[in-house]
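> need the 3D shape of this:
(one chain, ligands or ions: 2)
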Amino acid sequence: EWPQVVPGEAEVQRRKQLIHQSAERKAIIASRYKRKHPEVYVLQDSFLAPEFLEIVSYCTSPDAHLDGLLRYTESFSDKRIYRLPVFTEEFCRAFVEELENFEQSDMPKGRPNSMNNYGVLLNEIGMDENFITPLREKYLRPITALLYPDLGGACLDSHKAFVVKYALHEDLDLSSHYDNAEVTLNVSLGKDFTEGGLYFGDFRQVLGTFLTWSLYIEVEHVGTQGLLHRGGQIHGALPIASGERWNLIVWMRASAIRNRLCPMCNQKPELVEAEGFGDGFTESAEDDVPETVDLCSLW
Ligand SMILES: O=C(O)CCC(=O)C(=O)O
Ligand SMILES: [Fe+2]
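Numbering: from 1, shown residues only. Ligands and ions are numbered 1, 2, ... in the order given. So this is what the prediction gives:
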């Protein structure tokens, strides 16, 4: 995910190929995978913590404002990192069981991103359409509209969603990075684990280089609860000491923001066509309605 050099045609082809392979895995999974908990693929209010529904209801009320919302959430330093209840325990249990069932199956599996080796890409198992998209549009967007208006919080129009898994003989931690997202949601799904908190540093430098001396703050994961942070906030995960940690990560994108400046290369994106949500860019057709979703070819 790191913008080291401007990639050439070969790199663009490689990334298009990855998208194509992902679509192939998705088709195989759709036709052959036997779901253990089919109900978890369709978002229902009963999966959501009552306090989360209350927050959403506040945020959709006509005179909702930021200070009002902040009464419902925990804030960490001045970095615009917030914790809030998201799911019920029963839902988290069923969801993790479904993911373990998939993990143990002989289905083809992609990696969540270039740094996590274990976990599940939710679009490949068919959870985007009736779970993550409505979660983003109906529940998260009213919240992010108040928290991150400057980052397109009111118009997050695509996402990349995956689950990461940490265990003793698998990945233990995650090094420092920023996400290819305007806003990220990270929900702790369990199971039982010790240590494994997140640390947050500065916002990515618009001019490139990272500060080397920055102060990090640590934020613990709390089961069933979610953290919202700016995708560009530099962060990483500390090693777990025991148990297994599963987290739902939703990288949310606002085409209105990234079409102007690609967050990975800090330039006006040069777009190439993609399938699915691509990297969340859009290109306008003649009537100005966004038509295609695209990858930036510069990073
Ligand atoms: O392990 C975590 O909780 C964070 C994962 C993360 O930052 C990412 O996948 O982008
Ligand atoms: Fe991240």
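
> every contact and neighbour count from this point should use C-alpha atoms.
Will do.

> tell me which stretches of the stretch 151-299 of the chain form strands.
Counting by DSSP state E, counting those that start in this stretch, the stretch 151-299 of the chain has strands at residues 158-167, 174-177, 183-190, 193-195, 198-203, 217-219, 225-230, 233-237, 240-253, 271-273, 281-284, 290-296.

> out of these, which gets nearest to A49?
Of all the strands of the stretch 151-299 of the chain, it is strand 225-230 that lies closest to A49, at 8.9 Å by C-alpha to C-alpha.

> run a quick neighbour tally on L43.
By the measure other C-alpha atoms under 10 Å, the count of residues near L43 is 17.

> cool, and G223?
G223 has 21 nearby residues by other C-alpha under 10 Å.

> the residue nearest to the spatial centre of the chain and ligand 1: what is the separation?
Residue closest to the average C-alpha location in the chain (C-alpha atoms, centre = their mean): V250, at 1.9 Å. Counting by C-alpha to the nearest ligand atom, to the nearest Å, the separation of V250 from ligand 1 is 8 Å.

> one more: E218?
As for E218, its distance to ligand 1 is 12 Å (criterion: C-alpha to the nearest ligand atom).

> check what pLDDT the residue lying closest to that residue once chain neighbours are set aside gets.
Nearest-residue entry for E218: Y199, 4.3 Å, with adjacent residues in sequence omitted and distances by C-alpha to C-alpha, 6 or more residues apart in numbering. The model reports Y199 with a pLDDT of 96.

> dump the residue contacts of Y199.
Shown in contact with Y199 (C-alpha atoms under 8 Å, 6 or more residues apart in numbering): 216-219, 235-238.

> bridged to it, which residues?
With DSSP bridges as the criterion, Y199 is bridged to E218, G236.

> quick one on the thing from earlier: which of the contacts of Y199 tops the neighbour count?
In terms of neighbour count, H235 stands highest of those at 24 neighbours, by other C-alpha under 10 Å.

> contact partners for that residue?
H235 makes contact with 175-178, 198-201 under the criterion C-alpha under 8 Å, 6+ apart.

> the closest residue in space to it that isn't next to it in sequence and H177, how far apart?
With sequence-adjacent residues excluded and distances taken as C-alpha to C-alpha, 6+ apart, H235 is closest to F200, at 4.3 Å. Look at F200 and H177: by C-alpha to C-alpha, to the nearest Å, they are 10 Å apart.

> can you name the residue of the chain nearest ligand 1?
In the chain, the residue that lies nearest ligand 1 is A237 (5.1 Å; C-alpha to the nearest ligand atom).

> correct me, but that residue touches G201?
No. In this structure A237 lies outside contact range of G201 using C-alpha atoms under 8 Å: 11.8 Å.

> and the residue nearest to the centre of the chain, what is it in contact with?
Under the criterion of C-alpha under 8 Å, 6+ apart, the neighbours of V250 are 159-162, 184-186.

> got the contacts of H235 as JSON lines, with distance to I125 columns?
Formatted as JSON lines, those follow (distance: C-alpha to C-alpha, whole Å):
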{"residue": "S175", "distance to I125": "26"}
{"residue": "S176", "distance to I125": "28"}
{"residue": "H177", "distance to I125": "26"}
{"residue": "Y178", "distance to I125": "25"}
{"residue": "L198", "distance to I125": "27"}
{"residue": "Y199", "distance to I125": "30"}
{"residue": "F200", "distance to I125": "30"}
{"residue": "G201", "distance to I125": "33"}
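
> and A64, that's in a strand?
No. Judged by DSSP: H, G, I helix; E, B strand; the rest coil, A64 forms no part of a strand; its state is coil.

> show me where this protein dips below the pLDDT cut-off.
By pLDDT under 70, the low-scoring segments of the chain are 1-7, 206-214, 285-294, 296-299.

> interface residues of it facing ligand 1?
Within the chain, the positions near ligand 1 by C-alpha under 6 Å from any ligand atom are 179, 236-237, 247.

> mind listing what's buried in stretch 224-243?
224-240 (16 or more other C-alpha atoms under 10 Å).

> and for stretch 135-154?
The neighbour-count check on stretch 135-154 (16+ other C-alpha under 10 Å) flags 135-136, 139-148, 151-154 as buried.

> and for stretch 25-32?
Applying 16+ other C-alpha under 10 Å to stretch 25-32 flags 25-26, 29 as buried.

> how far does it sit from the chain's center?
22 Å (C-alpha atoms, centre = their mean, to the nearest Å).

> which SSE is E11 in?
Taking DSSP states H and E as the criterion, E11 maps to helix 9-32.

> check which residues of the very next helix or strand once past that helix are buried.
Under the assignment DSSP H and E, the closest C-terminal helix or strand after helix 9-32 is helix 50-59. Buried residues in helix 50-59, counted by 16+ other C-alpha under 10 Å: 52-53, 55-56, 58-59.
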